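> Sequence first, predicted model second:
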Amino acid sequence: MTRRNISTDGPWEDRIGYSRAVRIGSTVYVSGTTAMTPSGLVGKGDPYAQTIQAARTIEAALKQAGASLADVVRTRIYLVNIDQWPEVGRAHGEIFGTIKPAATMVEVKRLIDPDMLVEIEAEAIVPE
């Protein structure tokens, strides 16, 4: 199978040595994605806005890999404050409500930047 690495020009991709997504065969694995963009963090202090931006970045990576949000079969959501789950859940529901991937939402101690409130991983399977 051919491996295809996908970049969205995130500020840490080269620095840490990872790809935003990797496609192998019909499966696309999207790395943990925050609201960080090449222009900076979107939605400082706003877990809903950060979730929406993370999903946009995931969507862009999926598109480069020949997939779409509709192909997502699993998400993992990491929150630094689980009490913010309603806002994050609302955003996730707006994005994935009809797709309904398997999902996990857990609280973590912190993310790489103290202003980041949420990080999302996704896996997609592209129809052949």
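Cool, the structure landed.

> Relative to the helix or strand of the chain with the lowest mean pLDDT, what are the paired strands and their orientations?
Within the chain, confidence by mean pLDDT, DSSP states H and E is lowest for strand 36-37 among all helices and strands, at a mean of 90. Taking DSSP bridges as the criterion, strand 36-37 forms sheet pairs with strand 40-41 (antiparallel).

> now what about the longest helix anywhere in the chain, what contacts it?
Counting residues, the longest helix found in the chain (DSSP state H) is helix 47-64. Outside of helix 47-64, the residues within contact range by CB atoms under 8 Å, 6 or more residues apart in numbering are 6, 8, 10, 20-21, 28, 30, 33-35, 37, 41-43, 68-69, 71-72, 77, 79, 81, 84, 87-88, 90-92, 94-95, 116-120, 122, 124. To be clear about C-beta, it is placed using only N, CA and C from the backbone, and glycine gets the same treatment.

> tell me the mean pLDDT over that helix?
Helix 47-64 shows a mean pLDDT of 97.

> Quick one: name whatever helix or strand follows it.
The C-terminal neighbour of helix 47-64 among helices and strands, as given by DSSP states H and E, is strand 72-79.

> gap between that next one and the chain center?
7 Å (CA atoms, centre = their mean, to the nearest Å).

> That one - contacts with which helices or strands?
helix 47-64, helix 85-96, strand 102-107, strand 118-125 (3 or more CB pairs under 8 Å, 6 or more residues apart in numbering; DSSP states H and E).

> Let's verify Arg15: helix, strand, or coil?
helix (DSSP: H, G, I helix; E, B strand; the rest coil).

> where's it relative to Glu87, distance?
29 Å (CB to CB, to the nearest Å).

> who's more crowded, these two?
Glu87 (18 against 8; other CB atoms under 10 Å).

> angle of the longest helix of the chain against strand 72-79?
150 degrees (axes from the mean of the first three to the mean of the last three CA atoms, to 10 degrees).

> Pull out the buried positions in helix 47-64.
Neighbour counts over helix 47-64 (16 or more other CB atoms under 10 Å) mark 47-62, 64 as buried.

> same thing with stretch 100-113?
Buried, per 16+ other CB under 10 Å, within stretch 100-113: Pro101, Ala103, Met105, Leu111.
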